[in-house]
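Novice: mind looking at a prediction? Sequence and model below.
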Amino acid sequence: MKTFKTPPIAGAIMMALASTAVSANPDTANVDDAILSVPGLMPSATLEMTDNPGLWFKDPIDGDALVVIKPGQAVHIKMSEETRSQHTITSLLWPVGAKDFPVDQEKPSDASITKGLDKPGLYVFTCKVHPYMFGAVVVDDPDTKGLDIGSELELVTGVKVPADSDIAKKLLRTFFVVTTPSLWRDYREAEWKVNLPDIPLNIKGQTISLSALSMNMPNKLQTPKTPGVGEVWVNTQFEMIEGKKKPGTATRIDAANWKVVNKVKGVKEEMNHPHNMWPDNTYQHIYQTQWFDKRLLTFERASGKVTNNIEVGESPSHVMTRPADDILYVAINGGEHVVKMTGGAAPSAVKSINVGPNSSPHGHFITDDGKYMVTPNALSSSVSVVDLDSETNTIIPTGGDSDCGLGYA
Ligand SMILES: [Cu+2]
C-alpha cells in the first residue's frame, strides 16, 4: 500500500507551489463522464477515488490525498479502477464565498467532475455514502507567502469558522491524520505521535508551519477487568493482508480473556472494507457485508471457511436476520433498498424491498418479534419502518442535514 510520508508531502506541495505551468492531461478532461463540469475546462490536477485506506481520493502522480493548484485552474475528481464501489463527490468544507460551492452529487455513481476553482483556500471533499473518504484541493495564490488555507471556511453544516480558529486547525490536523495511515493511532506504541511536516501555511494572512499542529498523546488501552461471555467478532475494516489488494478482515476475540483468537482474511475473495456481520440462529455461519463492493460474504464461524460470496447490490452496509425464520436482510447503502435473502451456507436473494427514493439505507434493525424493520436513510433524512409481513413501508422524516445525515439504528 502506498502511504504518504512526511517528506513526499512536503516535496509535492513545494513542487506544486514552485511550478508555473502544471501540464494538463487531455485524457483526464473527458467531458462525457463529467457532471458539474464546464466543457473544455482542462484540469491541472487530479484526485482519483480508490479503496485504499486513507487515500480514498488519491493524486495519481504522488499518491497524496491533497493537490495544489493556482487560482483559475481546475481539478478533475474521478472514479478509478482502484475502487469497486460508487461514490458521491461532495464538498465538506470550502473558503467562504467560493464560486458555485458547495459541490454535491445527489446519488452515488461513477460520474466524475471537473471543477474550476478561483478563490484561494482549502477545499475538502468527501463521499456521502462512505463519509470517512477525504480528499483536498488547495488553491494557492503564488503571490502570497505559504500555502493558502483561507480566511474563513464554510462547513457543510452551514457553520462558518475563521481559518485561525481552534476548530479550523483541528479540522486541518484531522485531515492530515486521516489521509496519512502512518499517523494513525497505534495502541501497541506507548504514545501517539502526530508529527506533521514543516510546510508554511497562510492562515488569515499569517504564516504558520503545519508542524505547529503536531501533537502527542499517551496511549492507554486497558483490558476489561470483567471477563465476557462467548466471542466478539470485529470488522477490522482497514487491515491490509499480504497477497490481497483490498483491505479488511474479520477478527475473532475470545471474550473470556479479551485476546484475539484468529482472523478470517478473505484473501481469495478480496474482502473489501467489510463493515458489518451477523450470525445465523445456530451460530454456524457468519454473514459479512463488503461495503466498498457489491458482495455479501458467508463463512463458517468455527473454521473460517468461506462458503459463499455473492453480489447483492451497491455498497452493502449492514446485515441482520429476522429472529423467527432466519431470513437475511441486507441494506444496500448505495441504493434505495434492502435485499431479502435465504440464510445458511449459500444465501440467495428472494426479493428487493424498496425503502424510499434516494434513501441510501445504512444500519437497519429488526424488532425481536420479527414484525418490523427500521432503516435509517443516510441521504434522505428519514427512517423507513417496514412491516415485514406485508413488506410495505412508512417513511418518517427525521429532519437534519440531508446531505450528510448518516443514521445508525
Ligand atoms: Cu463512497
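Specialist: All right, it came through fine.

Novice: what are the ranges of the helices in the stretch 51-200 of the chain?
Specialist: Here the stretch 51-200 of the chain has its helices, by DSSP state H, counting those that start in this stretch, at 166-178.

Novice: so which bits of it are right by the ion?
Specialist: Counting by Cβ under 5 Å from the ion, the positions of the stretch 51-200 of the chain adjacent to the ion are His87, Cys127, Val129, His130. For the C-beta atoms, the positions are set from N, CA and C on the backbone; glycine is no exception.

Novice: and the closest residue to the first one other than its chain neighbours, how many neighbours?
Specialist: When you say that, I think you mean His87. Distances taken as Cβ to Cβ, 6 or more residues apart in numbering put Cys127 closest to His87, at 4.0 Å, once the chain neighbours are dropped. Counted with other Cβ atoms under 10 Å, residues neighbouring Cys127 total 24.

Novice: try Glu189
Specialist: As a burial measure, Glu189 scores 10 neighbours (other Cβ under 10 Å).

Novice: can you report phi and psi for it?
Specialist: Main-chain dihedrals, Glu189, degrees, to the nearest 10: phi -90, psi 150.

Novice: isn't it right up against Met217?
Specialist: No: with contact defined as Cβ atoms under 8 Å, Glu189 does not reach Met217; the gap is 10.7 Å.

Novice: quick one on the thing from earlier: the residues of the stretch 51-200 of the chain next to the ion in strands, which ones?
Specialist: Among these, no residue falls in strands (DSSP state E).

Novice: contact partners for whichever residue of the stretch 151-300 of the chain sits closest to the ion?
Specialist: Using Cβ to the ion, the closest approach of the stretch 151-300 of the chain to the ion is made by Phe292 at 7.4 Å. Phe292 sits next to Asp51, Thr83, Arg84, Ser85, His130, Lys246, Asn272, His273, Ser315 when contact means Cβ atoms under 8 Å, 6 or more residues apart in numbering.

Novice: quick one: contacts for the nearest residue to it once chain neighbours are set aside?
Specialist: Distances taken as Cβ to Cβ, 6+ apart put His273 closest to Phe292, at 3.8 Å, once the chain neighbours are dropped. Counting by Cβ under 8 Å, 6+ apart, His273 touches Asp51, His130, Gln237, Phe238, Lys246, Pro247, Gly248, Gln290, Trp291, Phe292, Asp293.

Novice: now do the same contact list for the second one.
Specialist: Read it as His130. His130 sits next to Trp56, Ser85, His87, His273, Trp291, Phe292, Ser315 when contact means Cβ under 8 Å, 6+ apart.

Novice: also Asp118?
Specialist: Pro71, Gly72, Ala98, Lys99, Val139.

Novice: phi first, then psi, for the third one.
Specialist: Summarising the backbone geometry of Ala98 under the convention degrees, to the nearest 10, its torsions are phi -60, psi 140.

Novice: for the residue lying closest to it once chain neighbours are set aside, give its distance to Lys70.
Specialist: Spatial nearest neighbour of Ala98, chain neighbours left out: Lys119 (4.6 Å); criterion: Cβ to Cβ, 6+ apart. Counting by Cβ to Cβ, to the nearest Å, the separation of Lys119 from Lys70 is 12 Å.

Novice: excluding covalently adjacent residues, which one is nearest to the residue in the stretch 201-350 of the chain that the ion sits nearest to?
Specialist: For the stretch 201-350 of the chain, the residue closest to the ion is Ser315, as judged by Cβ to the ion, at 6.8 Å. Excluding the flanking residues, the one nearest Ser315 by Cβ to Cβ, 6+ apart is Gly334, at 3.4 Å.

Novice: same thing with Thr207?
Specialist: Of all residues not flanking Thr207 in the chain, Gly146 sits nearest, at 4.4 Å (Cβ to Cβ, 6+ apart).

Novice: show me what contacts that neighbour?
Specialist: By Cβ under 8 Å, 6+ apart, the residues touching Gly146 are Pro200, Leu201, Asn202, Ile203, Thr207, Ile208.

Novice: now with 10 Å?
Specialist: Shown in contact with Gly146 (Cβ atoms under 10 Å, 6 or more residues apart in numbering): 17, 140, 199-203, 205-210.

Novice: my reading is that the residue nearest to Ser315 lies in a strand. Confirm?
Specialist: No: going by DSSP: H, G, I helix; E, B strand; the rest coil, the assignment for Gly334 is coil, not a strand.

Novice: okay, Phe222: pLDDT?
Specialist: One thing to correct before we go on: residue 222 is Gln, not Phe. At Gln222, the model reports a pLDDT of 84.

Novice: tell me the domain ranges of this structure?
Specialist: If you go by automatic domain parsing, the domain ranges for the chain are 6-218, 231-397.

Novice: Serialize the ones you listed to CSV and add fields for mean pLDDT.
Specialist: Compiled in CSV, the domains of the chain are given as follows (pLDDT from 0 to 100):
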stretch, mean pLDDT
domain 6-218, 87
domain 231-397, 96
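
Novice: among these, which is nearest Pro224?
Specialist: Pro224 sits nearest to domain 231-397 of all the domains of the chain, at 6.0 Å, using Cβ to Cβ.

Novice: host element of Leu221?
Specialist: Applying DSSP states H and E as the criterion places Leu221 outside every helix and strand.

Novice: and it, how far is that from Val194?
Specialist: Remark: distance between Leu221 and Val194 (Cβ to Cβ) = 17 Å.

Novice: same question for Gln290.
Specialist: Counting by Cβ to Cβ, the gap from Gln290 to Val194 is 31 Å.

Novice: which one's more surrounded, those two?
Specialist: Per other Cβ under 10 Å, whichever of Gln290 and Val194 has more neighbours is Gln290, with 28 against 17.

Novice: wait, that one sits on Glu314?
Specialist: No: if you go by Cβ atoms under 10 Å, Gln290 and Glu314 don't touch, sitting 11.1 Å apart.

Novice: who touches both of these two?
Specialist: Residues within reach of Gln290 and of Glu314 at once, by Cβ under 10 Å, 6+ apart, are Arg84, Ser85.

Novice: picking that back up, okay, Lys119 and Lys70: which has more neighbours?
Specialist: Lys70 (20 against 17).
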